[in-house]
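Q: quick one: sequence plus predicted model below, questions after.
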2 protein chains.
Amino acid sequence: MSRKWAPPAEGACRAAVIGAGSWGTAFADHLFARGLAVVLMARRPEQVEAMRKRHRNPDYLDFLELSPYLEYEAYPTANLSTYQLVVVAVPSKSYRQVLAGLAHRLPSGVGVLSLTKGIDPETHQRLSEVALDELGHLGPAIAVLSGPNQAEEVAFRQPTASVIASGDLEFSKCLQELISNENLRAYVNTDMVGVELAAAMKNVVALATGMSDGLGYGDNARAALITRGLAEMTRLGTALGAEPLTFAGLAGLGDLVGTCTSRHSRNRLAGELIAQGYAPMSVETEMGMVAEGLTSAPAILAVAQERGIELPITENVVAVIREGKDVRTCVTDLMSRQPRVEGG
Amino acid sequence: MSRKWAPPAEGACRAAVIGAGSWGTAFADHLFARGLAVVLMARRPEQVEAMRKRHRNPDYLDFLELSPYLEYEAYPTANLSTYQLVVVAVPSKSYRQVLAGLAHRLPSGVGVLSLTKGIDPETHQRLSEVALDELGHLGPAIAVLSGPNQAEEVAFRQPTASVIASGDLEFSKCLQELISNENLRAYVNTDMVGVELAAAMKNVVALATGMSDGLGYGDNARAALITRGLAEMTRLGTALGAEPLTFAGLAGLGDLVGTCTSRHSRNRLAGELIAQGYAPMSVETEMGMVAEGLTSAPAILAVAQERGIELPITENVVAVIREGKDVRTCVTDLMSRQPRVEGG
């Protein structure tokens, strides 16, 4: 179980990307460009068939022409025994169930790289903990990837910086080598707790700034909410054992700013739609995409409340999406509840 | 000289706003709405005449209908002996000269609130130090106002949070009471060094992110630059005696994010124009507005170099605006020069 993960000495590293949403698709395309032997795996056989035929993903990033040499499988039935690396890019809601379904088909010592940004809605565990629960018997190497990484821009080969975090520094460094090129540069961070919590919490702050945008408020209000949001993320993160510096880095501040200001951000958009009157339960259907913050917010709030930590932004977001609190009252409360003396 | 500043016990506080650019105009309008007796003072008599006639500022924010009771004067000749508060909103380039011109017309014990975000291009002093140089004989109370405060949005009464910093906490608290209302909330910070340095440095980072935008790079690149930018600001600031927490607050992170992502930001726009081929010397003329980062960048770099502190973003911006370095090379260098291990 203690043997170190390493890519094959000869030939391409074989990688299965589980989940063919926007990020899974863009990342599979990126890994292929880096020379890995990549199979992009969707749940539904129809989607797999369509990608095989058209070399595009009909449901996400359909502008992206995928290589004719990229392969496709349906992950519920695929043979997974020959992969060195499994990249997980499924929503947090189905994360445990999907991994449980893979658990007896993956080889021992497999490398797992998780792209999903959220926490388990049932157990409130970080997703790397869920991965260890489900795949621990394989003695896997587990890492997470985060940072300001809008899938659309990675698909367009726009300059992007990412963070890889793992308890296993050697595994992180192997992944850094495998993944980095002139478009996407990966940096290593050893604080997996901080990187995972930041990734989950920033989506909740993006819902709040999206609500502010949706009410017609401007850049001043958004910048104030982002500032409070990072303080809130850092407060919970450090209470749970994360390093404060992680929140000042790419996986914290970087991803938060990217998500709260990007026109591609689905969590920001979900907040905007809610402010415009869409029912919180229906915005994911409306967008045809998952907004992880809607799932993460109640779980994060529960974790904070167990520890007696106040998270005003998360509390207000949960009040809107679960209790029907008026969005304008929520944003006004947030803008007026700041301490009178900063840092106080 | 040690008597405490206080607003008049009876009647409105008389305030002169020196400088009728966007921010001076919006702030004068805001102070008037707060019940102060405000005189907005421009340099040129023609601008004063136009404002008196039309109750609008013809040169800035001309959509903003000013109150018919707001008054206007030309500051080079106005009688200033009856004002309790002087608000300074002139460019950093002319800051010292303007204050020197007021020095013998202001009453002793006057309160000075500085809105300008920059540092003195000649002496590299913070602007509150310049104010003390020029007005020290009056025993003034001196404070600065900062934060994510786009003038256009304050003019539109959009929700905004500001920071007031002063070595004189009582003065800050008086100003907080005078200035705050339901649209604009002011918070007090005692770290004047940090607030002033953050205000000057964020404009330089906004030039860099504007250049990235102008090259067609996306939200991922911008978020990475903002993250590095805040680290760079914090590094210089703390070396000069500022509190690190200030950089995580509204005057640091908040103002940085606001400036780098707002469509109203003139420093961001200046960077964009430079990336599109405009000569750095001509963009202020092109925009008809001052981009303070163009003045501040070389001064900040000089301060850092005296202390042996590396500021990669500021160095690259200065190389572009002073030495004609290629913008694409500059942004590529910045995206690729990050440490391989975060925090390293």
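A: Ah, there it is. Numbering: from 1, shown residues only, chains lettered A, B, ... in the order given.
Q: which parts of the stretch 101-250 of chain A sit against chain B?
A: Contact residues, the stretch 101-250 of chain A versus chain B (CB under 8 Å from any CB of the partner chain): A:147-150, A:152-154, A:156, A:158-161, A:163, A:176, A:182, A:185, A:187-190, A:212, A:217-224, A:226-227, A:230-231, A:234, A:243, A:245-246, A:248-250. Bear in mind the C-beta positions are built from the backbone N, C-alpha and C, glycine included.
Q: which of these are buried, as a ChimeraX select command?
A: In ChimeraX, this line selects whichever of those come out buried by 16 or more other CB atoms under 10 Å in any protein chain shown:
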select /A:147,148,149,150,152,153,154,156,158,159,160,161,163,176,185,187,188,189,190,212,217,218,219,220,221,222,223,224,226,227,230,231,234,243,246,248,249,250
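Q: A:Gly277 versus the spatially closest residue to A:Asn79 that is not a sequence neighbour, what's the distance?
A: Excluding its sequence neighbours, the residue lying closest to A:Asn79 (CB to CB, 6 or more residues apart in numbering or on different chains) is A:Arg105, at 7.1 Å. According to CB to CB, to the nearest Å, A:Arg105 and A:Gly277 sit 45 Å apart.
Q: so which residue is smack in the middle of chain A?
A: A:Lys117 (2.4 Å; CA atoms, centre = their mean).
Q: that one contacts A:Leu145, correct?
A: No - in this structure, A:Lys117 is not within contact of A:Leu145 by CB atoms under 8 Å, at 9.6 Å.
Q: and for A:Glu286, the neighbour number?
A: Residues within reach of A:Glu286, counting by other CB atoms under 10 Å in any protein chain shown, total 12.
Q: so what's it up against?
A: Neighbouring residues of A:Glu286 by CB atoms under 8 Å, 6 or more residues apart in numbering or on different chains: A:273, A:278.
Q: is it fair to say it lies in a helix?
A: Yes - A:Glu286 forms part of a helix when assessed by DSSP: H, G, I helix; E, B strand; the rest coil.
Q: and the closest residue to A:Arg56 other than its chain neighbours, how many neighbours?
A: Leaving aside its sequence neighbours, A:Arg56 sits nearest to A:Asp62 (CB to CB, 6+ apart; 5.4 Å). The number of residues packed near A:Asp62 is 12, by other CB under 10 Å.
Q: A:Thr246 touches A:Gly252, doesn't it?
A: Yes - A:Thr246 is in contact with A:Gly252 according to CB under 8 Å; the separation is 5.5 Å.
Q: shared neighbours of those two, anything?
A: Residues touching both A:Thr246 and A:Gly252 (CB under 8 Å, 6+ apart) are A:194, A:198, A:237.
Q: confirm that the last one sits in a helix.
A: Spelled out, that is A:Gly237. Yes - A:Gly237 forms part of a helix when assessed by three-state DSSP.
Q: the residue nearest to the centre of chain A and chain B, how far apart?
A: To chain B, A:Lys117 is 14 Å away according to CB to the nearest CB, to the nearest Å.
Q: now do the SS call for that residue.
A: When the rule is three-state DSSP, A:Lys117 gets the label coil.
Q: got a list of what it touches?
A: Counting by CB under 8 Å, 6+ apart, A:Lys117 touches A:92, A:146, A:199-200, A:202-203, A:292.
Q: got phi/psi on it?
A: phi -110, psi 100 (degrees, to the nearest 10).
Q: now do it, the pLDDT please.
A: For A:Lys117, the pLDDT comes out at 97.
Q: helix, strand or coil for the closest residue to chain B within the stretch 51-200 of chain A?
A: The minimum distance from the stretch 51-200 of chain A to chain B, using CB to the nearest CB, falls at A:Pro148 (3.4 Å). For A:Pro148, the assignment made with three-state DSSP gives coil.
Q: now A:Gly258. Its backbone dihedrals?
A: Dihedral angles for A:Gly258 - degrees, to the nearest 10 - are phi -60, psi -50.
Q: okay but it is in contact with A:Ser265, surely?
A: Yes - at 7.4 Å, A:Gly258 counts as touching A:Ser265 under the criterion of CB under 8 Å.
Q: and these two? Which one has more around it.
A: Neighbours were counted for A:Gly258 and for A:Ser265 using other CB under 10 Å; A:Gly258 has more, 30 against 24.
Q: contacts only, for that one.
A: By CB under 8 Å, 6+ apart, the neighbours of A:Gly258 are A:147-150, A:265, B:219-220, B:222-223.
Q: ok, so of those, who is nearest B:Pro76?
A: B:Pro76 lies nearest to B:Arg222 out of the contacts of A:Gly258, by CB to CB, at 41.1 Å.
Q: the closest one belongs to a helix?
A: Yes - B:Arg222 sits within a helix when classified using three-state DSSP.
Q: show me where chain A has its strands.
A: Counting by DSSP state E, the segments of chain A that form strands are A:14-18, A:37-42, A:71-74, A:85-88, A:111-114, A:141-146, A:160-166, A:184-189.
Q: possible to save those strands as a markdown table with mean pLDDT?
A: Formatted as a markdown table, the strands of chain A follow (pLDDT from 0 to 100):
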| stretch | mean pLDDT |
| --- | --- |
| strand A:14-18 | 98 |
| strand A:37-42 | 98 |
| strand A:71-74 | 98 |
| strand A:85-88 | 98 |
| strand A:111-114 | 98 |
| strand A:141-146 | 98 |
| strand A:160-166 | 97 |
| strand A:184-189 | 96 |
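Q: minimum distance to B:Tyr83: which of those has it?
A: With respect to B:Tyr83, and counting by CB to CB, the nearest of the strands of chain A is strand A:160-166 at 49.8 Å.
Q: just the angle between the closest one and strand A:141-146, please?
A: Relative orientation of strand A:160-166 versus strand A:141-146 (axes from the mean of the first three to the mean of the last three CA atoms, to 10 degrees): 150 degrees.
Q: which elements pack onto strand A:160-166?
A: In this structure, strand A:160-166 makes packing contacts with strand A:141-146, helix A:169-179, strand A:184-189, helix A:192-214, helix B:219-239, judged by 3 or more CB pairs under 8 Å, 6 or more residues apart in numbering or on different chains; DSSP states H and E.
Q: just name the most buried of the ones you listed.
A: helix A:192-214 (a mean of 29; mean count of other CB atoms under 10 Å in any protein chain shown).
Q: can you check what angle separates that one from helix A:169-179?
A: Angle, helix A:192-214 to helix A:169-179, by the same axes, to 10 degrees: 50 degrees.
Q: for helix A:192-214, what is the average pLDDT?
A: 97.
Q: now that helix, how far from the chain's geometric center?
A: Centroid displacement of helix A:192-214 relative to its chain, using CA atoms, centre = their mean, to the nearest Å, is 10 Å.
Q: cool, and stretch A:10-30?
A: Averaging C-alpha positions (CA atoms, centre = their mean) puts stretch A:10-30 15 Å from its chain's average.
Q: got the end-to-end distance for that stretch?
A: Stretch A:10-30 has an end-to-end distance of 21 Å (CA to CA, to the nearest Å).
Q: alpha carbons of stretch A:110-130, as CSV, please.
A: C-alpha atoms of stretch A:110-130 as CSV (Å, rounded to 0.1, in the frame of the first residue of the first chain):
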residue,chain,number,x,y,z
VAL,A,110,-4.4,4.1,-8.9
GLY,A,111,-3.8,7.8,-8.9
VAL,A,112,-7.0,9.9,-8.3
LEU,A,113,-7.2,13.5,-9.2
SER,A,114,-10.4,15.2,-8.2
LEU,A,115,-11.7,18.3,-10.1
THR,A,116,-15.1,18.6,-8.3
LYS,A,117,-15.5,21.7,-6.1
GLY,A,118,-17.9,21.0,-3.2
ILE,A,119,-18.4,19.0,-0.1
ASP,A,120,-20.4,15.8,0.5
PRO,A,121,-24.0,17.0,1.1
GLU,A,122,-24.8,14.0,3.4
THR,A,123,-21.7,13.6,5.6
HIS,A,124,-20.2,17.1,5.1
GLN,A,125,-16.8,15.4,4.3
ARG,A,126,-14.4,16.9,1.9
LEU,A,127,-14.4,15.1,-1.4
SER,A,128,-10.9,13.7,-1.0
GLU,A,129,-12.2,12.1,2.2
VAL,A,130,-15.1,10.6,0.3
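Q: okay then, goodbye and thanks.
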